[in-house]
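Participant: Return atomic coordinates for the entry below.
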Amino acid sequence: MNKILRFACLIVLTVIVSGGCTSNSDQEEFERQAFITPANITRTTAGGEVQQNDPDDWRIAPMFQGFAEIIQPPYPNPSAGQRFTLEILVTGLESIFGLEIYTRTTFGRPVLIYTDSRRPLPPGLTDVLIEPAWLSASGTYSGAIGLHRIFIYDASGNMITYGDLQVD
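Facilitator: Numbering: from 1, shown residues only. Predicted structure coming up:
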């Protein structure tokens, strides 16, 4: 009986550990995809209606499945200095600790454009308003014109989602 119990415990432990590895490798693959050069965007109207969808944009990382959703991709597609809004729905209780939003310069240097230090974020909708000039290393609107990848992390550096935005 003792050998059977040990064997059963070993099987349970193996299943738990291998499940964790799969989750980690899925998260690592998601993050690897996030750093591929952006090619398309999800186009939206001023009211937030999606006109053209990029299926790679705004997917939720495996680590945060069931805890967060992007309710509304960034809208409107910014031009002439318009701010854009990103809507994040926190669906899990005490599931996301802090929020950090980055973009990268043309040289790959990360630029922090938004932070929310609440730990945890309360369940419900969080609206994030972003000024396009924040996407620029120079802090100017003219420096922000072009295609940008936006990266959203929790305060521990775990990627939640990413997507592309065109500033006209």
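Participant: What pLDDT is listed against residue 18?
Facilitator: As predicted, residue 18 sits at a pLDDT of 37.
Participant: ugh, wrong one, I meant residue 72
Facilitator: 85.
Participant: For it, what is the enclosing helix or strand?
Facilitator: strand 68-75 (DSSP states H and E).
Participant: which parts of that strand are buried?
Facilitator: 68, 69, 70, 72, 73, 74, 75 (16 or more other Cβ atoms under 10 Å). Every residue, glycine included, has its C-beta placed from N, CA and C.
Participant: And whichever helix or strand comes after that strand, what does it pack against?
Facilitator: Counting by DSSP H and E, the next helix or strand C-terminal to strand 68-75 is strand 84-90. The contact analysis (3 or more Cβ pairs under 8 Å, 6 or more residues apart in numbering; DSSP states H and E) places strand 84-90 against strand 68-75, strand 124-130.
Participant: So what touches the helix or strand just after the shortest one?
Facilitator: Pointing back at strand 124-130 there. Next helix or strand after strand 124-130 toward the C-terminus (DSSP H and E): helix 141-144. With Cβ atoms under 8 Å, 6 or more residues apart in numbering as the test, helix 141-144 has contacts from 81, 132, 133, 134, 135, 136, 137, 167.
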